[in-house]
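[1] Just to be clear, the model below is a prediction. Sequence and coordinates:
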Amino acid sequence: MIIQPILDLVALCAKKGIKHAMLSPGSRCAPITLALTRHPEIHSRTISDERAAAFVALGMAQQLEKPVVLVCTSGSAAYNYAPAIAEAYFQQIPLIVLTADRPPEWIDQWDGQTIRQSEIYGKHVKGFFQFPDEFGHPDKLWHANRMVNEAINLTNQYPAGPVHVNIPLREPFYPETGENFVFDKEVRCIDHLQTNGQLSQESKQKLEGGLANFKKVLIIAGQQKPNPKIQEAINQIGEKGLAVVVTDCISNLQSASTINWHDHFIGNNRVNAELEPELIISFGKSIISKGLKLFLRKSKAQHWHLQPEGYSPDTYQSLSKIVVCQPLSFLNFFLEQGKSDLDYVKQWLNLENKVKNSFTSILENAEFGEYKAIASCLKHIPSQSKLHLANSMAVRYVNFLGERKQEIICNRGTSGIDGSNSTAVGCAFTTKDPVTLITGDMAFFYDRNAFWHNYPMNNLRIILLNNHAGGIFRLIDGPAKQPELEEFFETRQRLSAGYLAKDFGFAYHLANDERSLEMGLKDFYAKSIHPKILEIETSSSKNAEVLKWVKGKMTEELGDI
């Protein structure tokens, strides 16, 4: 049987300039061995003793100053590579170590030539990668390609050194009669453009040549702290129509020159084709918008990611270039050399303006609930306030509601509900400016011990959305359709923040309609010696209905675009 991801692994090695492989005989490693020996651009040699083979490969890589591939079968054969790998690590010599392995279900089952090969070389390799053991889902193919790109890029990055890819293989190992080896010439290759933080003239020339191939450029700003210089650069890019710049609220880069209302039109199949980019340029960390992520993963765009150093994720499954530089350096270069099709930019701007101009009137006609309440609250939050958002619906509501002027802070590293209160309290300890936390009931009550201390935090304001359930599950198709929704997914609860406020000495106001909300907001930011809680009590089912109603009305508004 021919395993195409193994052929792609070898094709990618060749595409990245690797010309030599050192093999040791074995049956489990046959798919790797055959792929290497049959590739026309790779010179393969064989040495039976794995210990000697590894040192011979080291000697070659030492002189070539390029990676050499090492291949062995499963079991103790892999251990015999260890002395040479340790030497390569401390000499900073690049090696790509491919060890065949039993599939995971056969480890520790007294099967032949089977040991625990995961991370077998410990801290004497720059990185360890566990190859997928099956390829039934398309994401497994993407994962395998991404992993090999990462491994080869890593072995070459300063300081050079060995990397280990462990490859579980099931029988049959050998191709059937009539099966042909076809190496994909278009296998995805992720380039790694190294700089010293600022783009050199040579780097600019390479990038300039690459940019010339793209007419539809989309810049995505991920989560980061506010940065006035980057803000100025992307504002200029947006104002000049050089590219479409999309900003979630957690990017802290939203402005009148960026696309901020994308959650309302991305995912509309009628407009998606016109919005699809040819090149995605990203910087910063994660984004919130699931619709945007899915849209970009389905596109055929190439993806360049900018960052000063470290690991680069393949969020949109199309990463083609990692530009190792300060994002501002690239953005300033793009201001000089970048250019996107103006009609493409106008497509995005037309949708952005349509949503922006019609959203307020749509929401005003909606029934009272969390959506409408959050929109009202955002109008009262001072621009100098640090704005903390809990995960689940709180951060999504704010992202739905357009441009924000406050610094947005949200725990999107893992996107969990735990610790939202505590993070906001920690922030309040560091500043005299107002600190506002918008949170849901599950996140709020889960982290109530954040307030169990003796330190002042009179600048803290908490806006609590209490629908007495995990309301986000009504908006996810899977759980929303299950009869167990209310008990086992929403986890309904009867808690009220009034009791917590009394326990900890917080000022407290309960709102359950528009009038009581306006009363609570009236002096919410007036100076106080105590923190304040504004609890907004709503119905989980009603909130889901309002959200779907607003989405439906917005779809109607976009009908004539």
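    Ah, there it is. On a predicted model such as this, the values are computed, not experimentally measured, just so you know.

[2] When you work out contacts or count neighbours from here on, use the C-alpha atoms and nothing else.
    Noted.

[3] where along the stretch 451-561 of the chain do the helices fall?
    Assigned helices in the stretch 451-561 of the chain, in chain order: 477-480, 497-504, 514-522, 540-557 (criterion: DSSP state H, counting those that start in this stretch).

[4] How about the second one, which residues are buried there?
    Pointing back at helix 497-504 there. The neighbour-count check on helix 497-504 (16 or more other CA atoms under 10 Å) flags 497, 498, 500, 501 as buried.

[5] So which of those is the closest to residue 247?
    Within those, proximity to residue 247 (CA to CA) peaks at residue 497, which comes in at 33.4 Å.

[6] Enumerate every residue touching that closest one.
    533, 535 (CA atoms under 8 Å, 6 or more residues apart in numbering).

[7] Please name the bridge partners of residue 510.
    In this structure, residue 510 bridges to residue 535 when assessed by DSSP bridges.

[8] let me fix that: residue 168
    residue 101.

[9] and the closest residue to residue 80 other than its chain neighbours, what element?
    In space, and not counting its chain neighbours, residue 80 is closest to residue 51: 4.8 Å by CA to CA, 6 or more residues apart in numbering. Assigned by DSSP states H and E, residue 51 belongs to helix 50-64.

[10] contacts for that helix?
    Under the contact criterion CA under 8 Å, 6+ apart, helix 50-64 has outside partners 21-24, 46-47, 67-70, 72, 77-78, 80-85, 88, 93-95.

[11] what mean pLDDT does it have?
    Averaged over helix 50-64, pLDDT sits at 96.

[12] ok, now stretch 307-321?
    Stretch 307-321 comes out at a mean pLDDT of 93.

[13] going forward, begin numbering at 8 instead of 1
    Sure, I'll start counting at 8 from here, so that last one is stretch 314-328.

[14] neighbouring contacts of that stretch?
    Here stretch 314-328 makes contact (CA under 8 Å, 6+ apart) with 149, 153, 195-200, 204, 290-291, 300-301, 303-304, 307-312, 329-334.

[15] Can you go through these and name the buried ones?
    Here, 16+ other CA under 10 Å leaves 149, 153, 195-200, 204, 290-291, 300, 303, 308-312, 329-334 buried among the contacts of stretch 314-328.

[16] Go through the residues you listed and flag which are in strands.
    Counting by DSSP state E, the part of the buried ones among the contacts of stretch 314-328 found in strands is 198-200, 204, 290, 309-312, 329-332.

[17] between those residues, which is closest to residue 432?
    For those, the nearest to residue 432 is residue 290 (28.5 Å; CA to CA).

[18] does residue 100 really touch residue 169, like I thought?
    Yes. Between residue 100 and residue 169 there is a contact at 6.7 Å, judged by CA atoms under 8 Å.

[19] between those two, which one's more packed in?
    Legend: neighbour count by other CA atoms under 10 Å for residue 100 and residue 169, higher for residue 169 (33 against 26).

[20] so who does the more buried one touch?
    Taking CA under 8 Å, 6+ apart as the criterion, residue 169 is in contact with 92, 95-96, 99-104, 131-134, 162.

[21] Now for these: which two are most distant?
    99 and 104 (14.5 Å).

[22] neighbour-wise, which of these two wins?
    Taking other CA under 10 Å, residue 99 and residue 104 do not tie; residue 104 has more neighbours (26 against 20).

[23] Tell me what that one is bridged to.
    Taking DSSP bridges as the rule, residue 104 bridges to residue 77, residue 171.

[24] Mind pulling up the pLDDT for it?
    pLDDT at residue 104 comes out at 98.

[25] how close does it sit to residue 508?
    Separation of residue 104 from residue 508 (CA to CA, to the nearest Å): 59 Å.

[26] quick one, strands of the stretch 258-407 of the chain?
    For the stretch 258-407 of the chain, the strands defined by DSSP state E, counting those that start in this stretch cover 286-290, 309-314, 326-332, 393-396.

[27] Could you export these as TSV, including distance to residue 371?
    Listed next are the strands of the stretch 258-407 of the chain as TSV, based on distance: least, CA to CA, whole Å:
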stretch	distance to residue 371
strand 286-290	35
strand 309-314	39
strand 326-332	41
strand 393-396	23
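
[28] who wins for proximity to residue 15 among the ones you listed?
    Between the strands of the stretch 258-407 of the chain, strand 326-332 lies closest to residue 15; by CA to CA that is 15.6 Å.

[29] chain center to the closest one: distance?
    Relative to its chain's centre, strand 326-332 lies at 15 Å (CA atoms, centre = their mean, to the nearest Å).

[30] same question, stretch 212-230
    Remark: stretch 212-230 is offset 19 Å from the chain centroid, using CA atoms, centre = their mean.

[31] One more: stretch 500-517?
    The answer for stretch 500-517 is 36 Å, by CA atoms, centre = their mean.

[32] so how far is the first residue of that stretch from its last?
    Using CA to CA, the two ends of stretch 500-517 sit 17 Å apart.

[33] From the chain's centroid, how far away is stretch 290-306?
    Worked out by CA atoms, centre = their mean, stretch 290-306 lies 8 Å from the chain centre.
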